[in-house]
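>>> Next one to model:
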Amino acid sequence: METASYFAKKHGLEAFLDRPAELNELIFKLLVLQETLQAEQARKHEGSATPAPPISVRRTVHGKFTALCAGDPAYRYAVETALRSATTVAPLFQRGRFMSALRNMGVPEERIREYCDSIVLSDDTLCVDPE
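Coordinates of the predicted model:
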């Protein structure tokens with residue numbers, strides 16, 4: 001398992017080691033950008049005649065994650081509410097990993113590019129709050 005500092009150095013993110021809030025904001029913006037780009041790609045792809053039906057995989061998500069922080073307990077309700085509103089489960093597509101797996105299985109580069117150009121993630125995950 002990589003440490004946070006090793007991972008940051010490996011990926012050129014050392015500037016964010018002391019600024020996790022900025023890193024979280026950047027990650028959120030990147031996820032929104034990814035979703036926007038995919039929606040635009042899907043819109044463009046709808047107009048073209050595709051010779052083959054789409055290939056899809058449904059990934060079911062189970063489990064939970066925890067967000068926590070510490071501070072004055074007088075604001076506990078506000079902090080819990082803010083944590084709920086500030087966290088989400090988001091799908092993430094790793095293009096490099098996808099391409100590498102296809103290459104390892106002998107898929108030709110032009111087909112890999114074809115698949116990558118048509119990738120769309122549909123996020124129908126739900127965060128159910130029992131309150």
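>>> so where is this structure shaky, pLDDT-wise?
For the chain, the stretches with pLDDT under 70 are 1-2, 45-51, 124-131.
>>> longest helix in it, by residue count?
Counting residues, the longest helix found in the chain (DSSP state H) is helix 20-47.
>>> Pull out the buried positions in that helix.
Gln34, Gln38 (16 or more other C-beta atoms under 10 Å). Placement of C-beta: from N, CA and C, glycine included.
>>> other SSEs contacting the helix or strand following that helix?
Remark: after helix 20-47, the chain's next helix or strand is helix 76-86, criterion DSSP states H and E. Of the remaining helices and strands, none touches helix 76-86 by 3 or more C-beta pairs under 8 Å, 6 or more residues apart in numbering; DSSP states H and E.
>>> Okay, Val120 and Ser100: tell me how far apart.
To Ser100, Val120 is 20 Å away according to C-beta to C-beta, to the nearest Å.
>>> Of those two, which one has the most company?
Val120 (16 against 12; other C-beta atoms under 10 Å).
>>> quick one: contacts for that one?
By C-beta atoms under 8 Å, 6 or more residues apart in numbering, Val120 lies in contact with Gln38, Ala39, Gln41, Ala42, His45.
>>> Tell me which residue lies nearest the centroid of this structure.
Computing the C-alpha centroid of the chain and ranking residues by C-alpha atoms, centre = their mean puts Leu92 first, at 2.7 Å.
>>> which SS class is that residue?
State at Leu92, reduced to three classes by DSSP: H, G, I helix; E, B strand; the rest coil: coil.
>>> Touching, it and Leu31? I think so.
Yes - with contact taken as C-beta atoms under 8 Å, Leu92 and Leu31 are classed as touching, separated by 7.3 Å.
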